[in-house]
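*Asks:* quick one: sequence and predicted model below, then my questions.
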Amino acid sequence: MSPLNKHQLNQIRDERREQIKQAALKRFARHGYLGTKTSMIAAEAGISEGLIFRYFKSKDELFTTLVQELIEEAKKETENLQYLPGSPFEQIKALTEGMLDESSKYAFMLILKARKTGDIPDEAARILEQHSEDVVLDRLIPIFVQGQQAGEFSLGDPRKLLAWYFYIINCLIMEEVEKEEYGLPNVEFLMQFLKK
């Protein structure tokens, strides 16, 4: 068996780093920053706890890295929403589907939990402050107004209507209602809250 070349070693490192981040994402999303120990992340990833510290200096760095990457991804998605095909209604629907998708659930849960607690690393708090929920609404309001003008959305204050709508979505994400008897309402049902 021949030794691994530099490219293969880098690929293994990248995969291991991603494995740690995904495990951390699930644990931080469910238990919050303070409620998550690195031993829990290691157990979730199926690795030794010491291996985490080969990739991240501390739990703070791991958490802050996740917050930074999740915020950047969310920013990209909301900025590009207006360029998706379809009407404003279909664009907001696509955003809702993405938020409720199983693969995105923990990302939104982590950010929501981090916003609600003050007990997170300072750098993560600064990142969240720079990308507040108001900034996200500011990106969505022009799409919503366009939908109101087209007769797709209810009339009224766009900021207030969108804030209420995303409050409902956020509550559903945080409560993990898919485990309840009736599960999550489908996106078509949720979109009725905005429809004219």
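*Replies:* Perfect, I can see it now. None of the values given here were measured: they were computed from a predicted structure.
*Asks:* rest of the way, CA atoms for contacts and neighbours
*Replies:* Fine.
*Asks:* from residue 92, how far off is residue 190?
*Replies:* As judged by C-alpha to C-alpha, to the nearest Å, residue 190 and residue 92 stand 11 Å apart.
*Asks:* of the two, give the one with the bigger neighbour count.
*Replies:* The neighbour comparison of residue 190 against residue 92 (other C-alpha atoms under 10 Å) goes to residue 92, with 23 against 16.
*Asks:* residue contacts, the more buried one?
*Replies:* Each residue near residue 92 by C-alpha atoms under 8 Å, 6 or more residues apart in numbering is listed here: residue 81.
*Asks:* likewise for the one 4 residues further on?
*Replies:* For residue 96, the set of contacting residues under the criterion of C-alpha under 8 Å, 6+ apart consists of 169, 187.
*Asks:* switch the cut-off to 10 Å
*Replies:* Neighbour list for residue 96: 90, 165, 166, 169, 186, 187, 188, 190, 191 [criterion: C-alpha atoms under 10 Å, 6 or more residues apart in numbering].
*Asks:* so the second one sits against residue 190, correct?
*Replies:* Yes: assessed by C-alpha atoms under 10 Å, residue 165 is found in contact with residue 190 at 8.3 Å.
*Asks:* mind checking the pLDDT average for the longest helix anywhere in the chain?
*Replies:* Using DSSP state H to define each element, the chain has its longest helix at helix 6-31. The average pLDDT within helix 6-31 is 90.
*Asks:* for it, name the packing helices and strands.
*Replies:* On a contact count with 3 or more C-alpha pairs under 10 Å, 6 or more residues apart in numbering; DSSP states H and E, helix 6-31 meets helix 38-45, helix 49-55, helix 59-80, helix 105-116.
*Asks:* assess the claim that residue 147 and residue 93 are in contact.
*Replies:* No: using C-alpha under 10 Å, residue 147 is not in contact with residue 93; the gap is 11.8 Å.
*Asks:* quick one, which of those two is more surrounded?
*Replies:* Relative neighbour count places residue 147 above the other of residue 147 and residue 93, with 23 against 16, counting by other C-alpha under 10 Å.
*Asks:* so which strand or helix has the more buried one?
*Replies:* helix 133-149 (DSSP states H and E).
*Asks:* give the buried residues for that helix.
*Replies:* In terms of neighbour count (16 or more other C-alpha atoms under 10 Å), helix 133-149 has its buried residues at 137, 139, 140, 141, 143, 144, 145, 147, 148.
*Asks:* do the same with stretch 113-124
*Replies:* For stretch 113-124, using 16+ other C-alpha under 10 Å, the buried residues are 113, 114, 115, 120, 123, 124.
*Asks:* need the contact list for residue 122.
*Replies:* Counted by C-alpha under 10 Å, 6+ apart, residue 122 has contacts 60, 64, 128.
*Asks:* tell me who's in contact with the closest residue to residue 49 other than its chain neighbours.
*Replies:* Nearest non-adjacent residue to residue 49, counting by C-alpha to C-alpha, 6 or more residues apart in numbering: residue 42, 5.0 Å away. Each residue near residue 42 by C-alpha under 10 Å, 6+ apart is listed here: 19, 20, 23, 24, 48, 49, 50, 51, 52.
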